[in-house]
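1. Mind looking at a prediction? Sequence and model below.
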Amino acid sequence: MNNEKLTSHFTAKEMECGCECREVSMNTEFMKKLESARVHADTPFKINSGFRCKEHNKAVGGKPTSAHLTGQAADIVATTSRERHKILFSLVSIGFNRIGIAKKFIHADSDQTKHNRVIWLY
């Protein structure tokens, strides 16, 4: 188990690839921004997907240009309206401007090679 701290609130374990490779290649600036959002929300962020290798990304139906591949994305568990509000409000307040909303998670990424100021639904 990799308990190495990436930030005050996030470990390498929770950001590692979901396949057996267990790679952790998170972008440092993305992690600083995610940490700021977590502090702003004053609530834990449970991550269900951080970094993904190409094989795992393909296996879970991720796009070939997914920000998860470059360590610039995370999917944060959000199953209630209150959780979604707290997480979404903090992400936007900190400056995330690429957000996807699903029934059970919120995707946040900081991939500057893609359109910004977008919110999409899954």
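-> Yes, it's here.
2. Next, residue 48: secondary structure please.
-> Assigned by DSSP: H, G, I helix; E, B strand; the rest coil, the conformation of residue 48 is strand.
3. Name the surrounding residues that touch the strand or helix carrying residue 83.
-> Assigned by DSSP states H and E, residue 83 falls within helix 81-94. Contact with helix 81-94 is made by 33, 36-38, 40-41, 43, 45, 76-78, 99, 101, 106, 108, as judged by Cβ atoms under 8 Å, 6 or more residues apart in numbering. In this view, the C-beta of every residue, glycine as well, is placed from N, C-alpha and C.
4. at 7 Å instead, please
-> Applying Cβ atoms under 7 Å, 6 or more residues apart in numbering, the contact partners of helix 81-94 are 33, 36, 37, 40, 41, 43, 45, 76, 78, 99, 106, 108.
5. Over to stretch 99-116?
-> 30, 33-34, 48, 67, 70, 72-79, 84, 87-88, 91, 96-98, 119-122.
6. please redo it, this time with the cut-off set to 6 Å
-> 30, 33, 48, 67, 72-79, 87, 91, 96-98, 119-122 (Cβ atoms under 6 Å, 6 or more residues apart in numbering).
7. same deal with stretch 5-12?
-> Residues contacting stretch 5-12 (Cβ under 6 Å, 6+ apart): 2, 3, 4, 24, 31, 35, 38.
8. Would you mind measuring from residue 12 to residue 91?
-> Using Cβ to Cβ, to the nearest Å, residue 12 is found at 22 Å from residue 91.
9. how about stretch 80-100 as CSV, C-alpha atoms only?
-> Presented in CSV, the C-alpha positions along stretch 80-100 are these (Å, rounded to 0.1, in the frame of the first residue of the first chain):
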residue,chain,number,x,y,z
THR,A,80,-26.0,13.3,-2.7
SER,A,81,-27.2,16.8,-3.7
ARG,A,82,-25.4,18.3,-0.7
GLU,A,83,-22.1,16.6,-1.6
ARG,A,84,-22.4,17.7,-5.2
HIS,A,85,-23.0,21.3,-4.1
LYS,A,86,-20.1,21.5,-1.7
ILE,A,87,-17.7,19.9,-4.2
LEU,A,88,-18.9,21.8,-7.2
PHE,A,89,-18.9,25.1,-5.4
SER,A,90,-15.3,24.6,-4.1
LEU,A,91,-14.0,23.5,-7.5
VAL,A,92,-15.4,26.5,-9.3
SER,A,93,-14.3,28.9,-6.5
ILE,A,94,-10.7,27.6,-6.8
GLY,A,95,-10.7,28.1,-10.5
PHE,A,96,-11.5,24.7,-12.1
ASN,A,97,-13.3,25.4,-15.3
ARG,A,98,-13.5,21.9,-16.8
ILE,A,99,-16.0,19.9,-14.8
GLY,A,100,-18.1,16.8,-15.6
